[in-house]
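K.L.:
I'd like to go over a predicted model; first the sequence, then the structure.
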Amino acid sequence: MDGDGEDSANCDGLHKHPRSPSNSEGNSHKQMCDSEDSPSSQQQCLPQKIQWSKGQVAARDYKVAVQQLIKFSISSFCARLASEYAYPDRMTQVLWAKEAWKERCASYEIEMAFNSEIIQIITCRMSHLTSQVKGKVHSLIENIYGFEHGSRESVKSRNRRLACQLKNKFGLCYRNLGDKKTKVPRSRLFHMKLNQKAENLLWYSNKKDEGVMFEKLFTLFPIPALALVYAAAEYCVDEWVDGKRTDISFSCGEYKEAYDKHLANLNKFHLRTKDHGILNGILKEINDNGRIHAKVDLADVRDADCLSDDEIHNVIRKYQQGSGVNETGDEDENEGSQSEDNRCEDE
């Protein structure tokens, strides 16, 4: 659907209050799944363009109100990718993009149609998300796992052994890799430093990040999002298998294969340990610390950090004995007169 229709007053700005979807919206949902253009409706205004970019379509081609809806829809779409599955097929991508658009419109009480270009803008964020995760994780791998740069053979040999350990049977998912020579086993599964550092960069960088805005999806940090981080980490470890870091070409297919493997492993672990709440505790901790990092929730202040009850009662008693007079002001005046006298004596 093109953006040459008449614009209504409700489409000029996003200032409406959220509302719940009506029955008519539920009936139209099935129709929208059949095409990347929304069905024509007299109640819907059409997304209007203000310019035409050459090449790939961009959100900036549309009016400001449409740009905001696209932005919000992209956030919702990416949050769903992180919380459900990062590599849905094309039909599922389109369905999720349409649902994200309708959700944003409903929250602002706007009846605005979408078109195939808008759906394309939203669904393109899938590849952007995976690339972003890889980029953020890439900056952490070297320090967290201890890879070193150097031309000495001893350094290269150590890097090769480390990369082999990390890739062997989900080794990168352990905090401590152990030592075969001394028969020390690996320990602290899924408690790596990578967990919190990567999640803070990707989903909790500020109060407007997806981990905060979509609280219902991130109350327990999503397992699929954790699998995406582990898949990116494995991809980055592959760059060190020859002893020194070498850029390797990014393959979406190989990335997806690693993602599916880590997702299945996490789901299996969660199923077997669900009664003990092991993984749930890890996921809750990631979200709690992430929200603190985003400065959303203030850290709990213990009662011991405050004045004691006796100290407060003493202040109340002295206040009552002084008939409610604030003695601070008198002291300040005296201090001021004394300092004035001192200055005169100095002169």
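P.N.:
Noted; the coordinates are in hand.
K.L.:
drop to CA atoms for contacts and neighbour counts, all remaining ones
P.N.:
Will do.
K.L.:
chain center to the one helix or strand residue 311 maps to, what's the gap?
P.N.:
In the assignment (DSSP states H and E), residue 311 maps to helix 309-321. Distance of helix 309-321 from the chain centroid (C-alpha atoms, centre = their mean, to the nearest Å) equals 47 Å.
K.L.:
With stretch 139-157 instead?
P.N.:
Relative to the centre of its chain, stretch 139-157 is centred 29 Å away, using C-alpha atoms, centre = their mean.
K.L.:
what does stretch 183-201 give?
P.N.:
Counting by C-alpha atoms, centre = their mean, stretch 183-201 is centred 18 Å from the centre of its parent chain.
K.L.:
Run through who's touching that stretch.
P.N.:
Here stretch 183-201 makes contact (C-alpha atoms under 8 Å, 6 or more residues apart in numbering) with 136-137, 140-141, 144, 173-179, 226, 229, 282, 286, 289-290, 293-294.
K.L.:
filter these to the buried ones?
P.N.:
The neighbour count (16 or more other C-alpha atoms under 10 Å) marks 136-137, 140-141, 173-177, 226, 229, 282, 286, 289-290, 293-294 as buried among these.
K.L.:
ok so, going back, output the helix holding residue 311 as CSV, nothing but the C-alphas.
P.N.:
The C-alpha coordinates for helix 309-321 follow below in CSV (Å, rounded to 0.1, in the frame of the first residue of the first chain):
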residue,chain,number,x,y,z
ASP,A,309,16.3,4.3,66.5
ASP,A,310,18.1,5.6,69.6
GLU,A,311,19.8,8.4,67.7
ILE,A,312,16.5,9.5,66.1
HIS,A,313,14.8,9.4,69.5
ASN,A,314,17.5,11.6,71.0
VAL,A,315,17.1,14.2,68.3
ILE,A,316,13.3,14.2,68.9
ARG,A,317,13.8,14.6,72.7
LYS,A,318,16.2,17.5,72.3
TYR,A,319,13.9,19.1,69.8
GLN,A,320,11.0,18.9,72.3
GLN,A,321,13.1,20.2,75.1
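K.L.:
Counting by contacts, list what it packs against.
P.N.:
On a contact count with 3 or more C-alpha pairs under 8 Å, 6 or more residues apart in numbering; DSSP states H and E, helix 309-321 meets no helix or strand.
K.L.:
Next, count neighbours for residue 195.
P.N.:
18 (other C-alpha atoms under 10 Å).
K.L.:
again with the one 4 residues further on
P.N.:
Under the neighbour criterion other C-alpha under 10 Å, residue 199 is assigned a count of 23.
K.L.:
just residue 116 next, same as before
P.N.:
Around residue 116 there are 15 residues (other C-alpha under 10 Å).
K.L.:
What pLDDT is listed against it?
P.N.:
If you check residue 116, the pLDDT there is 90.
K.L.:
Also residue 132?
P.N.:
Value for residue 132, per-residue pLDDT: 93.
K.L.:
now do the one 5 residues further on
P.N.:
The predicted local confidence for residue 137 comes out at a pLDDT of 95.
K.L.:
separation between it and residue 169?
P.N.:
With distances taken as C-alpha to C-alpha, to the nearest Å, residue 137 is found 20 Å from residue 169.
K.L.:
Next: residue 150.
P.N.:
27 Å.
K.L.:
When these two are compared, which one has more neighbours?
P.N.:
residue 150 (13 against 9).
K.L.:
Just give the closest residue to residue 233, not the sequence neighbours.
P.N.:
residue 137 (6.2 Å; C-alpha to C-alpha, 6 or more residues apart in numbering).
K.L.:
any idea which helix or strand carries the one you found?
P.N.:
Per DSSP H and E: residue 137 is located in helix 125-145.
K.L.:
Return the distance of the helix or strand just after that helix from the chain's centre.
P.N.:
Downstream of helix 125-145, the next assigned helix or strand under DSSP H and E is helix 153-167. Helix 153-167 sits 32 Å away from the centroid of its parent chain (C-alpha atoms, centre = their mean).
K.L.:
Kindly report the same for stretch 234-241.
P.N.:
24 Å.
K.L.:
which residues touch it?
P.N.:
Where contact means C-alpha under 8 Å, 6+ apart, the residues beyond stretch 234-241 that reach it are 134, 137-138, 141, 147, 159-160, 163-164, 166-167, 172, 245-248, 255, 258.
K.L.:
Strands of the protein, residue ranges please.
P.N.:
Counting by DSSP state E, the chain has strands at residues 174-176, 187-189.
K.L.:
okay if I get the ones you listed as CSV plus distance to residue 127 and mean pLDDT?
P.N.:
As requested, these are exported to CSV (distance: least, C-alpha to C-alpha, whole Å; pLDDT from 0 to 100):
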stretch, distance to residue 127, mean pLDDT
strand 174-176, 28, 94
strand 187-189, 29, 94
